[in-house]
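J.: Dropping a prediction and its sequence here:
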Amino acid sequence: MDTWDYAPAPESAALANVAPTYRPFVDGAFVDGGGEALKTVNPATEEVLAEVGTASEQDVDRAVAAARRAFEKTWGPMPGAERAKYLYRIARIVAERSRELAVLETLDNGKPIRESRDVDVPTASAHLFHHAGWADKLGYAGLGPDPRPVGVVGAVIPWNFPLLMAVWKIAPALACGNTIVLKPAETTPLTALVLAEIAAEAGLPAGVLNVLPGAGGVGAALVAHPGLDKVAFTGSTDVGKEIQRTLAGTGRRLTLELGGKAANIVYDDAAIDQAVEGVVDGIFFNQGHVCCAGSRLLVQESIAEEFSELLLRRVETLRVGDPLDKNTDVGAINSRAQLDRIVDLAAAGDAEGAERWTSSCPLPERGLYFPPTVFSGVEQTMRVAREEIFGPVLSVLTFRTPEEAVAKANNTPYGLSAGIWTEKGAKAMWTARRLRAGVVWTNTFHRFDPTSPFGGYRESGFGREGGRAGLEAYLS
Amino acid sequence: MSLSPAVDGRLPVAKTFKLYVGGAFPRSESGRSYPVSDAKGRLLAHAALASRKDVRDAVSAAGSAFRGWSGATAYNRGQVLYRVAEMLQARHDQFADDVLAAEGGTRKKAAALVDAAIDRWVWYAGWTDKIASVLGSVNPVAGPLVNWSTPEPTGVVGVLAPQSSSLLGLVDAVAPVLATGCTAVVVASQERPLPAVGLAEVLATSDVPGGVVNLLTGSTAELAPWLAAHGDVHALDLTGAPPDLAAECERAAAGTVKRVLPRPATEPDPTRTPGLARLRAFTEIKTVWHPVGR
């Protein structure tokens, strides 16, 4: 069947109001950082977007000291109802500036504008709005009549959802009466710095929120800082383990949201078309740069052939390209280093005997891209089945019985998320109960909500973000 | 009393204090034992000196038992934990003697500690079918989806039992682990292990499935690092860790991202009313989503 051609529908990059330079935000003001400035790159073009000042160890000291002062003098003693209003203000301004933030996020990260516009930014605003309401109701959170804040929080976040991850740390921390020093990812610092500007616009007292751009060294200095009471980290399992070791014996609190290798289980009685959509969304959403991505498809053997055909046909229609184009389904890979890693792991799939299928979708001539890729004939021992690829690469395995599906799904050190596709309610619940994963999507995938606790089992980390359970990490 | 003298010409039969692993009472595979004295320094018995391999056997047993115990209904787990209280009550006087021998003090105080230990089992027995109501939630997500969160047991918990409180402290640590549906590998108080072995005998006769609790006696410092580093242990309670080893155990725990209940500066007073902290420490919140539609 002939199809109409798509006309480009690009969002204007000018909406992002990109400044030539950005600076760390410490004690209520943007300051010159003592670290070497970094250049943040638009992965869609590999052109420099802006120059960003980074923090030195002295800046980390200053930020932690500012957060301590704010905790003791202003934010800690402030009534919850007043804290709430600051967070409501911030939530509202994020919503008001949503288009600017979405375009900026897409420029700095490479994700399709459709996702930053429809998911990242609105979910961030909603997260702030939800947690604002908790600030004066913490006595009802099930942690005693008068739970206390933990103190000064150090947070280190990844590059895959830069604004949303910042908010996932900031909103509960501030609602619970803590102050925070946040280190955004080296390659995506911009929206966190605009969020700092928004906090300042909202009149948030100095020192309550501090944002320190920089590379891993800044993060390492921050999480090891003796002036913190708690560390919250989202990122790779390897770094998470290192942070857990660093904090061993210090008595400081820690929550970790780490990697995953989620199974997406498709039973033979699934609504096939919906399952195909869910599997595609599960792995290709945000270029697969998602810790809870459904990167292992487990499809029941009796429908494997039919399902794979439908799946590949659907993947073939995904449009890879300019992230600012509203038609784009799969955007740019965030960094050269990440692209190299995806290329390496895909090569390991070839070397270990999996069968690679690649979408014929044309890639832009410049920029960092990787085409949607599906490996079939994957064995559990292969690296593409065991390691987190964090890219648009799906591994397909099969199973015969529900028991085998569960055993294979759980056969990983990770345990962040999982998907189940079946029209039989009892079987869905049977499976959901047995999966050792913190988030289980049945007949849906990649749903997030501020009221809904998110976090992993086992080596996917500990602690929850969102909902009542998420408050526990920020209260004592 | 184990090695008590003959009374009226009859020598009492002394008990051999062994490990409790997978529902059986083996000696240490190492063949080692160590002398255990009462609070006044008099020899009470030789307890098994467990080894690294005993730790591995115990972890393996706890891992095998997890599926059945975590899959049991909360009502059933509550009944089993209540049964433990019944069995402990029936042996109250013997435990009072054992606690008195281990901890010293008065008989009256020892008896009160046993009372409290029995009541602690009853308290946690009642929690099994309430944890999910209290820690779980239905989440009002913004969309046509139903969404709920429930606490689930973390897995195999390594417990370094308190060193001072030989029975009540032990129960205070182990009962919440069982109430959540986790299984346990417990290292008993090193100097005061005999009430723990008695408790293992109670567990063995209380419908607690074999392997749900595995109890080792011996050197905490020798066993703790193996437990802390074991890949099939999912959480650690360091309450009874030697002070100079606690940080090392936490570091080892990071190797597989274990949940850690850190060693407190001073041993907690086990007579206080426990809160939810130990139930929270060994549960994971699972969130399930499902669309709503026609």
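T.: In hand now; what should we look at?
J.: A:Ala347 - how many residues pack around it?
T.: Using other Cβ atoms under 10 Å in any protein chain shown, A:Ala347 has 13 other residues around it. C-beta here means a position set from N, CA and C on the backbone, and glycine is covered the same way.
J.: do the one 3 residues further on as well
T.: A count of neighbours around A:Asp350, defined by other Cβ under 10 Å, yields 12.
J.: For the residue lying closest to it once chain neighbours are set aside, which residues are in contact?
T.: In space, and not counting its chain neighbours, A:Asp350 is closest to A:Arg356: 5.8 Å by Cβ to Cβ, 6 or more residues apart in numbering or on different chains. Applying Cβ atoms under 8 Å, 6 or more residues apart in numbering or on different chains, we find A:Arg356 in contact with A:Ala346, A:Gly349, A:Asp350, A:Thr373, A:Val374, A:Phe375.
J.: which two in the residues you listed are spaced the farthest apart?
T.: For the contacts of A:Arg356, the maximum inter-member distance is 13.0 Å, found between A:Asp350 and A:Val374 (Cβ to Cβ).
J.: quick one, phi/psi of the residue of chain B found nearest chain A?
T.: Nearest to chain A in chain B, going by Cβ to the nearest Cβ, is B:Ala247, at a distance of 2.6 Å. With angles defined as degrees, to the nearest 10, B:Ala247 sits at phi -70, psi -40.
J.: Okay, it and A:Pro79: tell me how far apart.
T.: Between B:Ala247 and A:Pro79 the computed distance is 38 Å (Cβ to Cβ, to the nearest Å).
J.: ok, the two, which is more surrounded?
T.: For B:Ala247 and A:Pro79, the more surrounded residue by other Cβ under 10 Å is B:Ala247, and the numbers stand at 19 against 11.
J.: check contacts around that one.
T.: Per Cβ under 8 Å, 6+ apart, neighbours of B:Ala247: A:Ala248, A:Gly249.
J.: what about the residue at minimal distance from the centre of chain B, which helix or strand?
T.: In chain B, the residue lying closest to the centroid (Cα atoms, centre = their mean) is B:Val174, at 2.7 Å. According to DSSP states H and E, B:Val174 maps onto helix B:168-180.
J.: Residue numbers of the stretch 101-250 of chain A in contact with chain B?
T.: Neighbours of chain B within the stretch 101-250 of chain A, by Cβ under 8 Å from any Cβ of the partner chain: A:Ala126, A:Gly142, A:Gly144, A:Thr237, A:Gly240, A:Lys241, A:Glu242, A:Gln244, A:Arg245, A:Leu247, A:Ala248, A:Gly249.
J.: The same query, at a cut-off of 6 Å, please.
T.: Contact residues (Cβ under 6 Å from any Cβ of the partner chain) of the stretch 101-250 of chain A with chain B: A:Lys241, A:Gln244, A:Arg245, A:Ala248, A:Gly249.
J.: Now intersect those residues with the helices, please.
T.: The helices, defined by DSSP state H, take in A:Lys241, A:Gln244, A:Arg245 from these.
J.: between those, which is nearest B:Ala235?
T.: Distances from B:Ala235 to those, taken as Cβ to Cβ, are shortest for A:Gln244 (13.0 Å).
J.: For the closest one, give its distance to A:Ala65.
T.: Applying Cβ to Cβ, the value for A:Gln244 to A:Ala65 is 25 Å.
J.: So for those two, which residue has more residues nearby?
T.: More crowded of A:Gln244 and A:Ala65, by other Cβ under 10 Å: A:Gln244, with 26 against 18.
J.: So the more buried one sits against B:Ala254, correct?
T.: Yes: judged on Cβ atoms under 6 Å, A:Gln244 makes contact with B:Ala254 at a distance of 3.5 Å.
J.: what's the overlap in contacts for those two?
T.: Shared contacts of A:Gln244 and B:Ala254, defined by Cβ atoms under 6 Å, 6 or more residues apart in numbering or on different chains, are absent.
J.: How is chain A divided into domains?
T.: Per automatic domain parsing, the structural domains of chain A span A:13-258+A:457-474, A:263-442.
J.: With distance to B:Thr180 and mean pLDDT as extra columns, can I get those in JSON lines?
T.: As requested, the domains of chain A are exported to JSON lines (distance: least, Cβ to Cβ, whole Å; pLDDT from 0 to 100):
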{"stretch": "domain A:13-258+A:457-474", "distance to B:Thr180": "14", "mean pLDDT": "98"}
{"stretch": "domain A:263-442", "distance to B:Thr180": "15", "mean pLDDT": "98"}
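J.: which of those domains is buried the deepest?
T.: Comparing the domains of chain A by mean neighbour count (mean count of other Cβ atoms under 10 Å in any protein chain shown), domain A:13-258+A:457-474 ranks first with a mean of 22.
J.: And the next helix or strand past the helix or strand containing A:Trp168?
T.: In this structure, A:Trp168 sits in helix A:162-175 according to DSSP H and E. Counting by DSSP H and E, the next helix or strand C-terminal to helix A:162-175 is strand A:179-183.
J.: ranges for the helices of the stretch 1-150 of chain B?
T.: For the stretch 1-150 of chain B, the helices defined by DSSP state H, counting those that start in this stretch cover B:52-71, B:74-90, B:92-103, B:107-127, B:131-135.
J.: Tell me which of those helices sits nearest to A:Lys85.
T.: Going by Cβ to Cβ, the one of the helices of the stretch 1-150 of chain B nearest A:Lys85 is helix B:131-135, 29.7 Å.
J.: Spatially nearest residue to B:Gly210 (excluding sequence neighbours)?
T.: Using Cβ to Cβ, 6+ apart and skipping residues adjacent in sequence, the residue nearest B:Gly210 is B:Gly23, 1.9 Å away.
J.: oh sorry, the question was meant for A:Arg447
T.: Among residues not flanking A:Arg447 along the chain, B:Trp289 sits closest, at 5.2 Å (Cβ to Cβ, 6+ apart).
J.: Figure out which of the helices of the stretch 1-150 of chain B is closest to A:Cys291.
T.: In this view, the helices of the stretch 1-150 of chain B are compared for proximity to A:Cys291 by Cβ to Cβ, and helix B:131-135 is the closest at 23.8 Å.
J.: just the residues of the stretch 101-250 of chain A next to chain B now: which is nearest chain B?
T.: Chain B has its nearest neighbour among those in A:Gly249, at 2.6 Å by Cβ to the nearest Cβ.
J.: any idea how far the residue nearest to the closest one when sequence neighbours are not counted is from B:Lys40?
T.: In space, and not counting its chain neighbours, A:Gly249 is closest to B:Ala247: 2.6 Å by Cβ to Cβ, 6+ apart. Per Cβ to Cβ, B:Ala247 is found 34 Å from B:Lys40.
J.: What of A:Cys291?
T.: 58 Å.
J.: try B:Gly181
T.: 41 Å.
J.: Checking stretch B:129-140 against chain A, do any of its residues make contact.
T.: Yes: applying Cβ under 6 Å from any Cβ, one finds stretch B:129-140 in contact with chain A at B:Ser137, B:Asn139, B:Pro140.
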